[in-house]
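Visitor: just coords:
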């Protein structure tokens, strides 16, 4: 009888830690083609896309500033080998909905449960504008997507994104 109690307690503990995410998680990247930080983070963006571009994730890049013309965006995507679909967001509909304020910034959103799972930096390659770290110690977007795949609770739901300001006009 004791073994069943131990097994029951183990299962209850595991069940309490499991998270129920939907099968529709959007990864929304806010970028600016002229922003040096958006340019420098492209390698990590490509790595994440190559490794997590599968169900339940869907990726979209948003370019919210009107200075990011379709021609400049295409050049940026080609130059930095980013193959993620993109949209302009000149009206700031998605920017405001997801609460993005700088680029690069990412918002991971559970589309069915209508819930922001993570908002903030892609990694900690910058500790402030103009100050790039020599060693990246936190891959925040990777960690979030891994946590979702493992159906575990996301413990860090928001970080401070470091980047170029998204125009509010």
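Guide: Yes, it's here. Computed from a predicted model, the values in this text were never measured in an experiment. Residues are numbered from 1 along each chain as shown.
Visitor: going forward, measure contacts and count neighbours with C-alpha atoms only.
Guide: Will do.
Visitor: okay, helices next: where are they in this structure?
Guide: Along the chain, counting by DSSP state H, helices occupy 2-17, 36-40, 42-52, 70-79, 93-98, 140-149.
Visitor: pull out the buried residues from the third one.
Guide: What that stands for is helix 42-52. For helix 42-52, a neighbour-count test (16 or more other Cα atoms under 10 Å) marks 42, 44-46, 48-49, 52 as buried.
Visitor: may I see those arranged in a markdown table, with pLDDT as well?
Guide: Converted to a markdown table, the buried residues of helix 42-52 look like this (pLDDT from 0 to 100):
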| residue | pLDDT |
| --- | --- |
| 42 | 97 |
| 44 | 97 |
| 45 | 98 |
| 46 | 98 |
| 48 | 98 |
| 49 | 98 |
| 52 | 98 |
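Visitor: lowest average pLDDT across the helices of the chain?
Guide: Across those, helix 2-17 has the smallest mean pLDDT, namely a mean of 46.
Visitor: rewinding a little: the helices of the chain: which one's closest to residue 168?
Guide: Closest to residue 168 of the helices of the chain, according to Cα to Cα: helix 93-98, at 9.2 Å.
Visitor: just to revisit the earlier point, need the helices of the chain in CSV with distance to residue 116, can you?
Guide: What follows is the helices of the chain, written out as CSV (distance: least, Cα to Cα, whole Å):
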stretch, distance to residue 116
helix 2-17, 19
helix 36-40, 22
helix 42-52, 18
helix 70-79, 26
helix 93-98, 8
helix 140-149, 12
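Visitor: out of those helices, which is closest to residue 156?
Guide: Closest among the helices of the chain, using Cα to Cα: helix 140-149, at 8.1 Å.
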